[in-house]
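Peer 1: Please work out how this folds:
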Amino acid sequence: MRLFIDECLSPVLASRLNETGEHDAVHPRDMGRLGEPDHKVLARCLIEDRVIVTENAVDFRKLVACEELHPGLILLPSVNRDLSIQLLIDAIAHLASLGEPAGVMVNHVLEVSETGAFSLLPIP
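Peer 2: Just a heads-up that it's a prediction; the model follows:
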């Protein structure tokens with residue numbers, strides 16, 4: 001699965017996912033793109049076909065809702081790094097239980113709660 005880990009999250013998330021060999025995850029720190037506006041992040045993710053992983057639900061939900069077709073959005077709660085990693089791994093496993101994760105995410109948002117509950121909703 002191709003993922004963009006937003007700068008509000010630790011770059012360790014991208015590293016851990018890449019270590020599995022199953023995912024291609026990037027973090028703006030590793031690309032020299034810290035501070036890039038959200039609309040530019042979305043534009044890049046559309047071009048690169050990357051699911052956005054963020055805690056910034058309000059801004060990114062609005063942005064992807066304006067797109068006719070987008071790779072998806074995973075919304076994590078604001079928790080510590082270790083729990084964020086575990087919740088993201090669990091979220092990907094949940095998506096895999098529904099089908100091919102990247103395919104399941106197209107035009108969807110996956111909301112993840114602190115307790116590990118998932119809510120998959122279509123957007124737009």
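Peer 1: any idea which element residue 52 lies in?
Peer 2: strand 51-54 (DSSP states H and E).
Peer 1: So which residues make contact with that strand?
Peer 2: Residues outside strand 51-54 that contact it (Cβ atoms under 8 Å, 6 or more residues apart in numbering): 1-6, 8-9, 13, 25, 41-42, 45, 60, 64, 71-76, 88, 102, 105. No exception for glycine: its C-beta is placed from N, CA and C like everyone else's.
Peer 1: got the CA positions of it in CSV?
Peer 2: Extracted as CSV, the C-alpha positions of strand 51-54 are listed here (Å, rounded to 0.1, in the frame of the first residue of the first chain):
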residue,chain,number,x,y,z
VAL,A,51,-3.5,7.2,0.9
ILE,A,52,-3.1,10.1,3.3
VAL,A,53,-2.6,9.2,7.0
THR,A,54,-3.2,12.1,9.3
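Peer 1: got a list of what the residue lying closest to residue 68 once chain neighbours are set aside touches?
Peer 2: Distances taken as Cβ to Cβ, 6 or more residues apart in numbering place residue 124 nearest to residue 68, at 7.4 Å, with adjacent residues excluded. Contact analysis of residue 124 by Cβ under 8 Å, 6+ apart lists 64, 65, 66, 67, 68, 107.
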